[in-house]
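Chemist: structural data only, the sequence is not supplied:
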């Protein structure tokens, strides 16, 4: 016996805000500076022709939410006109987004790894600076110590040999 075909649901498929992530990323990457103002991102999406993204009147709020929610979108310098900020993509995600891999989980992980490595580098440089400061502070003492004790040490060594 044949099984009846699955009934199609009349409900509209609900698009999540996550589906805006690739479109917003493509918009930013399409610009020569790899940064865009919110107004320009909205224009890019509106001109793209995908009506399912902009069918609701709140789609611009959804774009704003996506930009501020995900840490791989970075708010950078203020727009020259003073109306808003430029948005760019985190350096750890530019490569994968440019290659067409818009996995939100991978991008978030890449940003976390980048921040972790940045902290390790910063800690290393701080420790290195501290050691150099100590060396500079101890250098006069070491010079003084070698002037006082070195001749006595050399005499003692000469007597035992």
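Modeler: Structure received. All of these numbers come straight from a predicted model, not from anything done at the bench.
Chemist: drop to CA atoms for contacts and neighbour counts, all remaining ones
Modeler: Will do.
Chemist: what about the protein, any weak spots by pLDDT?
Modeler: By pLDDT under 70, the weakly predicted segments of the chain are 1-18, 144-161.
Chemist: can you pull out the helices in it?
Modeler: 20-30, 38-48, 59-69, 91-98, 104-160 (DSSP state H).
Chemist: most tightly packed of those?
Modeler: helix 20-30 (a mean of 20; mean count of other CA atoms under 10 Å).
Chemist: specify the angle between that helix and helix 38-48 in degrees.
Modeler: With axes from the mean of the first three to the mean of the last three CA atoms, to 10 degrees applied, the angle from helix 20-30 to helix 38-48 works out at 110 degrees.
Chemist: dump the helices of the chain into JSON lines; add distance to residue 82 as well.
Modeler: Output for the helices of the chain, formatted as JSON lines (distance: least, CA to CA, whole Å):
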{"stretch": "helix 20-30", "distance to residue 82": "19"}
{"stretch": "helix 38-48", "distance to residue 82": "12"}
{"stretch": "helix 59-69", "distance to residue 82": "18"}
{"stretch": "helix 91-98", "distance to residue 82": "25"}
{"stretch": "helix 104-160", "distance to residue 82": "28"}
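Chemist: relative to residue 83, which of those is closest?
Modeler: If you check each of these against residue 83 by CA to CA, helix 38-48 wins as the nearest, at 9.3 Å.
Chemist: for that closest one, report the contacting residues that lie outside it.
Modeler: Contact with helix 38-48 is made by 23, 24, 27, 28, 54, 60, 63, 64, 84, 85, 86, 87, as judged by CA atoms under 8 Å, 6 or more residues apart in numbering.
Chemist: the first one and residue 123, how far apart?
Modeler: Taking CA to CA, to the nearest Å as the measure, residue 23 and residue 123 are separated by 37 Å.
Chemist: and if you look at the last one?
Modeler: Relative to residue 123, residue 87 is positioned 28 Å away (CA to CA).
Chemist: kindly report the same for the fifth one.
Modeler: Separation of residue 54 from residue 123 (CA to CA) stands at 46 Å.
Chemist: now do residue 25
Modeler: In terms of CA to CA, residue 25 sits 32 Å off from residue 123.
Chemist: now residue 30
Modeler: For residue 30, the distance to residue 123 (CA to CA) stands at 36 Å.
Chemist: can you give me the neighbour number for the nearest residue to residue 87 once chain neighbours are set aside?
Modeler: What sits nearest to residue 87 in space, not counting adjacent residues and going by CA to CA, 6 or more residues apart in numbering, is residue 75, at 4.7 Å. Neighbour count of residue 75, defined by other CA atoms under 10 Å: 19.
Chemist: nothing else from me, thank you.
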